[in-house]
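Participant: got a sequence here, can you build the structure:
(chains A and B)
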Amino acid sequence: EAGVAQSPRYKIIEKRQSVAFWCNPISGHATLYWYQQILGQGPKLLIQFQNNGVVDDSQLPKDRFSAERLKGVDSTLKIQPAKLEDSAVYLCASSFTRGAGVNTGELFFGEGSRLTVL
Amino acid sequence: GDSVTQMEGPVTLSEEAFLTINCTYTATGYPSLFWYVQYPGEGLQLLLKATKADDKGSNKGFEATYRKETTSFHLEKGSVQVSDSAVYFCALNGGSQGNLIFGKGTKLSVKP
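Facilitator: Below is the predicted model of the structure:
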């Protein structure tokens, strides 16, 4: 079974530039998450999708971050304009949702996209 | 809000040593608890979980018991190997939406 795919693996940009990350979840997983992991910290949720609807984006800095999940499959996370403090690893994860809408709690993570903002 | 606190690292052990990584949590309700592991160059993966009080999760020789009275979920292994070198994250799932809240992670290095 293919895992969660993310690209690019590494990206270096200047501050105020824009960047986009792509994620393809495990086939059949209805729930998709984007997490931000700053060096030395645990992952922090940015946004959660259920199919193509947003479940939770309370911690997404909406003035510069945006995300979409077209057709309930692939997702793109965009940062525009980037700041120095956005340097982090951006993790995509997916999970299988049972019929009642209660997740199993196990998330499957991609390898992450490491962003460096200079 | 809900939170997870785990012991600061890094932790360096010799092969076959006993491992404990402490994890405590704060949550409303009755969360499920998890340990995730991140091996060098790889993504996070689930190591073990427990969904209710007194449950013991186990996998690959690692164990953790859900202690509601002490709000803890400490990770233990009786004899570590070099291949266990990784970063370990404690996490909780406090609600039906499935979002995980992570601790800061503990880096473990095992020397031969």
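
Participant: quick one, what contacts the residue nearest in space to the middle of chain B?
Facilitator: Closest residue to the average C-alpha location of chain B: B:W35 at 3.4 Å, with CA atoms, centre = their mean. Neighbour list for B:W35: B:23, B:46-49, B:57, B:62, B:64, B:73, B:75, B:88-91 [criterion: CB atoms under 8 Å, 6 or more residues apart in numbering or on different chains]. Backbone N, C-alpha and C define where each C-beta goes, glycine included.

Participant: where do the strands sit along chain B?
Facilitator: B:3-6, B:11-14, B:19-21, B:23-26, B:32-38, B:45-50, B:56-59, B:62-65, B:75-77, B:86-93, B:101-102, B:106-111 (DSSP state E).

Participant: export these to JSON lines and tack on mean pLDDT and distance to A:F49?
Facilitator: Shown next, in JSON lines, are those (pLDDT from 0 to 100; distance: least, CB to CB, whole Å):
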{"stretch": "strand B:3-6", "mean pLDDT": "94", "distance to A:F49": "23"}
{"stretch": "strand B:11-14", "mean pLDDT": "97", "distance to A:F49": "36"}
{"stretch": "strand B:19-21", "mean pLDDT": "97", "distance to A:F49": "32"}
{"stretch": "strand B:23-26", "mean pLDDT": "96", "distance to A:F49": "26"}
{"stretch": "strand B:32-38", "mean pLDDT": "93", "distance to A:F49": "20"}
{"stretch": "strand B:45-50", "mean pLDDT": "93", "distance to A:F49": "20"}
{"stretch": "strand B:56-59", "mean pLDDT": "96", "distance to A:F49": "28"}
{"stretch": "strand B:62-65", "mean pLDDT": "98", "distance to A:F49": "30"}
{"stretch": "strand B:75-77", "mean pLDDT": "98", "distance to A:F49": "30"}
{"stretch": "strand B:86-93", "mean pLDDT": "94", "distance to A:F49": "17"}
{"stretch": "strand B:101-102", "mean pLDDT": "92", "distance to A:F49": "18"}
{"stretch": "strand B:106-111", "mean pLDDT": "96", "distance to A:F49": "30"}
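
Participant: nearest to A:G28, out of these?
Facilitator: strand B:45-50 (17.6 Å; CB to CB).

Participant: pretty sure B:T28 contacts B:L92?
Facilitator: No - using CB atoms under 8 Å, B:T28 is not in contact with B:L92, being 10.9 Å away.

Participant: quick check, central residue of chain A?
Facilitator: A:W34 (2.4 Å).

Participant: helix or strand right after the helix or strand containing that one?
Facilitator: Assigned by DSSP states H and E, A:W34 belongs to strand A:31-37. Next in sequence after strand A:31-37, counting helices and strands by DSSP H and E, comes strand A:44-50.

Participant: mind listing what's buried in that following strand?
Facilitator: Buried residues in strand A:44-50, counted by 16 or more other CB atoms under 10 Å in any protein chain shown: A:L45, A:L46, A:I47, A:Q48, A:F49, A:Q50.

Participant: measure the third one to chain B for me?
Facilitator: In this structure, A:I47 and chain B are separated by 10 Å, where distance is defined by CB to the nearest CB, to the nearest Å.
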